[in-house]
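Asker: Fold the stuff below for me.
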Amino acid sequence: MNKQSTFFSQKIQEIHAKPNGEILLSSNTIFEIDEKENLYVLHPFFESLKHELETEGIMESSLAFPCVQLNIHNKEAVCDVTIKKERDFLAVLLFDYSQHYEHLHEAAQEKKSAMLQEREHELAVKYSSEKEAYLNFIRERIDTKIISEMEKVIGKVEHLKRTSLDPEQRKVFEDIEEIIANLHLKAIQALEGLDFDFDAE
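Answerer: Down below sits the predicted model:
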């Protein structure tokens, strides 16, 4: 027997049973099964097919089930299952693909993780871009609509300052000048505050 046939013979288990589930023969290459056992009691997967397999008649084609997780007598394996039904005979083939499916699962997990990381990166870039656009909009509004307008007012106040005012007018003028200067300072501080990196720790 060559190495290839030895490998496949260790991965395939053949079970013969009566339609009522009574096991006649098992090659026991994957699971240890006694001939006195019943196929439908071995695992809920086989139990779920009981009605169809017990019904009289021959199936024109085999039943094939990929990636079935079986646990028989405390041993687990992921198998492709093929069942051929004759009139008074069932032939069950189990193909042990546990390692194959495990690698597929790991590959799928890695792919999913990579996709999530890529999506997270895309969202971070989008958030950063949108935040920068919003901050630029606010900066421009403060700079052009508030600070520049206030500077025009300050210019007019300076011009008014040079006119002759009586003491009462001078006091009102000084109060207005102080309020405008404070507002101008706060607008500049707000503009400078927008350059602060809110994401920095």
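Asker: Spatially central residue in this structure, please.
Answerer: The residue lying closest to the centre of the chain (C-alpha atoms, centre = their mean) is Leu116, at 5.3 Å.
Asker: Which helix or strand contains that residue?
Answerer: Using DSSP states H and E, Leu116 falls within helix 98-140.
Asker: roughly how far out does that helix sit from the chain middle?
Answerer: Between the mean C-alpha location of helix 98-140 and the chain-wide mean there is a distance of 10 Å, by C-alpha atoms, centre = their mean, to the nearest Å.
Asker: Same check on stretch 134-147?
Answerer: Centroid separation between stretch 134-147 and its chain, computed with C-alpha atoms, centre = their mean, is 39 Å.
Asker: likewise stretch 77-92?
Answerer: Mean C-alpha position of stretch 77-92 versus that of the full chain (C-alpha atoms, centre = their mean) differs by 37 Å.
Asker: Next, the buried residues of it.
Answerer: Across stretch 77-92, burial judged by 16 or more other C-beta atoms under 10 Å covers 77-83, 85, 90, 92. Just so you know, the C-beta spots here come from the backbone N, C-alpha and C atoms, and that holds for glycine as well.
Asker: hey, which helix or strand in this protein has the poorest pLDDT?
Answerer: Of all the helices and strands that make up the chain, the one with the lowest confidence by mean pLDDT, DSSP states H and E is helix 3-11; it has a mean of 53.
Asker: mind listing the strands for this protein?
Answerer: When assigned using DSSP state E, the strands of the chain occupy the ranges 12-17, 23-26, 63-72, 75-85, 90-96.
Asker: Against Ser27, how distant is the residue nearest to Phe95 when sequence neighbours are not counted?
Answerer: The shortest distance from Phe95 to any non-neighbouring residue, by C-beta to C-beta, 6 or more residues apart in numbering, is to Asp80 (4.3 Å). As defined by C-beta to C-beta, to the nearest Å, Asp80 lies at a distance of 16 Å from Ser27.
Asker: show me where pLDDT drops low in the protein?
Answerer: Of all residues in the chain, those with pLDDT under 70 make up the ranges 1-9, 57-61, 102-108, 194-201.
Asker: which ones are touching the nearest residue to Ile30 once chain neighbours are set aside?
Answerer: Nearest residue to Ile30 in three dimensions, chain neighbours excluded: Gln13, at 4.3 Å (C-beta to C-beta, 6+ apart). Taking C-beta atoms under 8 Å, 6 or more residues apart in numbering as the contact definition, Gln13 lies against 26-31, 93-94, 96.
Asker: As JSON lines, the residues you listed with distance to Arg170 and neighbour count would be great.
Answerer: What follows is the contacts of Gln13, written out as JSON lines (distance: C-beta to C-beta, whole Å; neighbours: other C-beta atoms under 10 Å):
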{"residue": "Ser26", "distance to Arg170": "111", "neighbour count": "22"}
{"residue": "Ser27", "distance to Arg170": "112", "neighbour count": "15"}
{"residue": "Asn28", "distance to Arg170": "110", "neighbour count": "12"}
{"residue": "Thr29", "distance to Arg170": "108", "neighbour count": "15"}
{"residue": "Ile30", "distance to Arg170": "103", "neighbour count": "21"}
{"residue": "Phe31", "distance to Arg170": "104", "neighbour count": "22"}
{"residue": "Leu93", "distance to Arg170": "107", "neighbour count": "17"}
{"residue": "Leu94", "distance to Arg170": "103", "neighbour count": "24"}
{"residue": "Asp96", "distance to Arg170": "100", "neighbour count": "19"}
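Asker: If anything else comes up later, I'll come back, but that's it for now.
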